[in-house]
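>>> following is a predicted model, sequence given first.
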Amino acid sequence: MATETQTRTQPEVLTFSTLPPFPADIPTAPLHRLSLSKLRSESPESERLFSSCKDLGFFYLDLRQDDEGESLLKDADNLFNLAPKLFDLGRDELQKYDYKSQGSYMGYKRFGSAVVDEKGNLDRNEFYNIPKDDFLGISSKPFAHPQVLHDHNSLITSYMRTSHSLVVFILRHIENHLHLPAETVTSLHRQMQISGDQVRFVKSPPQPPSDMRTALGKHTDFGSITILFNRLGGLQILPPPSLTPAGQEPQWTYVKPLPGHCIVNLGDAMVKFTNGLLRSNIHRVVSPPGEQAKETRYSLVYFSRPEDEVILKRLEGSDVIPELRDGEKEEEVNSKEWIKLQAMRLRNVKEGMSDEDRKKLWQEAGRGT
Ligand SMILES: O=C(O)CCC(=O)C(=O)O
Ligand SMILES: [Fe+2]
């Protein structure tokens, strides 16, 4: 009896028990499984982290058996319960929190407002970006956000603080392997300094079986480190040629969500800091596989970015980071401008825009192959 009760009360984040299972018979992406508790003390685990950052730029992190990890799992579980309450406000109400016209990617992005492919098709997701700085109380001009988010202020801030702390922990491992002086990278990511860090809730409803499309177009993340919680499949990565069997073309491959784990991936800022040594891998979201396609898919993301004023260029002081080529000059773009440019590029879809113009948007954003 006792065990039965225990099983039933296991949080969803550890079981995914209410959802149809990820199909057993489809190929899945070769992400390493790392353990947060091992990373705290074991150097081979840290080596594996660094290899993952170079080879694929994606890895699983097992958060169980670690105080901070378990606190993050608990917060993530509660945030998955909050997500439907936020989106239940409805698209018209949420549209009031779309700050695109003010030049910001924070707040709401409505369903079908970004181009996802070379044909000019529109996305099949809506999302809400919650700025770290508004919730930690350091924005000089915070945006208005729905009351339901303010009602869960302590949950959201706890999740932001723990995610940020995990990001700094990962960055410390990376800077160590890069042979950089301590704090070289972490000092560019101080929690209480202004940055584009955000929590994102994404919602993708089930798609008509006869008309399945990409829900979120292929992209690399723009910032430093992304912490992602998935319960349903749908996320896919395009593995690099180095991890693709000889003679085959890289294929879009599902990342299977694992209970008790988050998915960690690196963004473009880490590529710029290391002159291409670390990898920000391309990914997208499609309909969840098999029976899972009938479910509404929510995902929860923490995006970390370098502080607003940081110039995104090769870091000095490492004998591991490759040198620039002879005569090569890097563009001097700061984190704030870079992230904004990347985030807004595909969102310039206007009411009644023609197919041709939407295709052009995709090409101009540099995502056409
Ligand atoms: O929903 C997901 O699994 C991934 C979302 C994502 O890649 C993003 O929002 O940048
Ligand atoms: Fe992403």
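Everything's here; your move. Ligands and ions are numbered 1, 2, ... in the order given.
>>> name the element Lys218 belongs to?
strand 216-219 (DSSP states H and E).
>>> which is the succeeding secondary structure element to that strand?
strand 225-230.
>>> how far away is Asp151 from Ile194?
25 Å (C-beta to C-beta, to the nearest Å). The way it works is simple: take the backbone N, C-alpha and C, and place the C-beta from them, glycine included.
>>> look at the two and report which has more neighbours.
Ile194 (17 against 12; other C-beta atoms under 10 Å).
>>> before we move on, what SS does Ser163 have?
Of the three states, Ser163 takes helix according to DSSP: H, G, I helix; E, B strand; the rest coil.
>>> for the residue lying closest to it once chain neighbours are set aside, grab phi and psi.
Once flanking residues are discounted, Ser163 sits nearest to Tyr302: 3.7 Å by C-beta to C-beta, 6 or more residues apart in numbering. Main-chain dihedrals, Tyr302, degrees, to the nearest 10: phi -120, psi 120.
>>> Gln102: neighbour count?
10.
>>> brain fart, Trp252
So Trp252, with other C-beta under 10 Å, has 15 neighbours.
>>> can you check the one 3 residues further on too?
Val255 sits with 22 neighbouring residues when counted by other C-beta under 10 Å.
>>> verify the stated contact: it with Ile263.
Yes - between Val255 and Ile263 there is a contact under C-beta atoms under 8 Å: 6.3 Å.
>>> overlap in contacts of those two?
Listed as contacting both Val255 and Ile263 by C-beta atoms under 8 Å, 6 or more residues apart in numbering are Leu31, Phe58, Asn230, Leu235.
>>> could I get those residues as JSON lines with secondary structure?
Converted to JSON lines, the shared contacts of Val255 and Ile263 look like this (three-state DSSP):
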{"residue": "Leu31", "secondary structure": "coil"}
{"residue": "Phe58", "secondary structure": "strand"}
{"residue": "Asn230", "secondary structure": "strand"}
{"residue": "Leu235", "secondary structure": "strand"}
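>>> and these near ligand 1, which?
Within the set of the shared contacts of Val255 and Ile263, contact with ligand 1 (C-beta under 6 Å from any ligand atom) is found for Asn230, Leu235.
>>> name the nearest of the shared contacts of Val255 and Ile263 relative to Lys85.
Nearest to Lys85 among the shared contacts of Val255 and Ile263: Asn230, at 19.5 Å, using C-beta to C-beta.
>>> quick check: the residue of the stretch 151-300 of the chain nearest ligand 1.
Residue nearest to ligand 1 within the stretch 151-300 of the chain: Ser299 (3.4 Å; C-beta to the nearest ligand atom).
>>> angle of whichever strand or helix holds that residue against strand 225-230?
Secondary structure assigned from DSSP H and E places Ser299 in strand 297-303. Here strand 297-303 runs at an angle of 160 degrees relative to strand 225-230 (axes from the mean of the first three to the mean of the last three C-alpha atoms, to 10 degrees).
>>> up against ligand 1, what does the chain have?
Residues of the chain lying near ligand 1 (C-beta under 6 Å from any ligand atom): Arg200, Val202, Leu216, Asp221, Leu228, Asn230, Leu235, His283, Val285, Ser299, Val301.
>>> will you turn these into TSV that also has pLDDT and neighbour count?
TSV is the format used below for the residues of the chain next to ligand 1 (pLDDT from 0 to 100; neighbours: other C-beta atoms under 10 Å):
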residue	pLDDT	neighbour count
Arg200	98	17
Val202	98	23
Leu216	90	20
Asp221	94	25
Leu228	98	22
Asn230	97	24
Leu235	98	25
His283	96	24
Val285	96	24
Ser299	98	24
Val301	98	21
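>>> where exactly do the helices run in the stretch 101-250 of the chain?
132-135, 147-151, 153-177 (DSSP state H, counting those that start in this stretch).
>>> just put the ones you listed in CSV and tack on mean pLDDT.
CSV is the format used below for the helices of the stretch 101-250 of the chain (pLDDT from 0 to 100):
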stretch, mean pLDDT
helix 132-135, 98
helix 147-151, 98
helix 153-177, 98
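>>> Tyr298: what's it in contact with?
Counting by C-beta under 8 Å, 6+ apart, Tyr298 has contacts Phe80, Ala83, Pro84, Phe201, Val202, Lys203, Arg231.
>>> just the buried residues of those.
Buried subset of the contacts of Tyr298 (neighbour count, 16 or more other C-beta atoms under 10 Å): Phe80, Ala83, Phe201, Val202, Lys203, Arg231.
>>> could you count how many residues lie near Leu34?
The burial count for Leu34: 20, using other C-beta under 10 Å.
>>> and for the one 10 residues further on?
Pro44 sits with 8 neighbouring residues when counted by other C-beta under 10 Å.
>>> any idea how far ligand 1 is from it?
To ligand 1, Pro44 is 29 Å away according to C-beta to the nearest ligand atom, to the nearest Å.
>>> the strand or helix carrying that residue packs against which elements?
Secondary structure from DSSP H and E places Pro44 in helix 43-55. If you count contacts as 3 or more C-beta pairs under 8 Å, 6 or more residues apart in numbering; DSSP states H and E, helix 43-55 packs onto strand 32-35, helix 36-39, strand 58-62, helix 153-177.
>>> the second one - what's its average pLDDT?
Averaged over helix 36-39, pLDDT sits at 98.
>>> output that helix as PDB - backbone C-alpha positions only.
What follows is helix 36-39 as a C-alpha-only set of coordinates in PDB (Å, rounded to 0.1, in the frame of the first residue of the first chain):
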ATOM      1  CA  LEU A  36      25.100  17.200 -11.900                       C
ATOM      2  CA  SER A  37      26.100  15.400  -8.700                       C
ATOM      3  CA  LYS A  38      29.100  13.800 -10.400                       C
ATOM      4  CA  LEU A  39      30.100  17.000 -12.000                       C
END
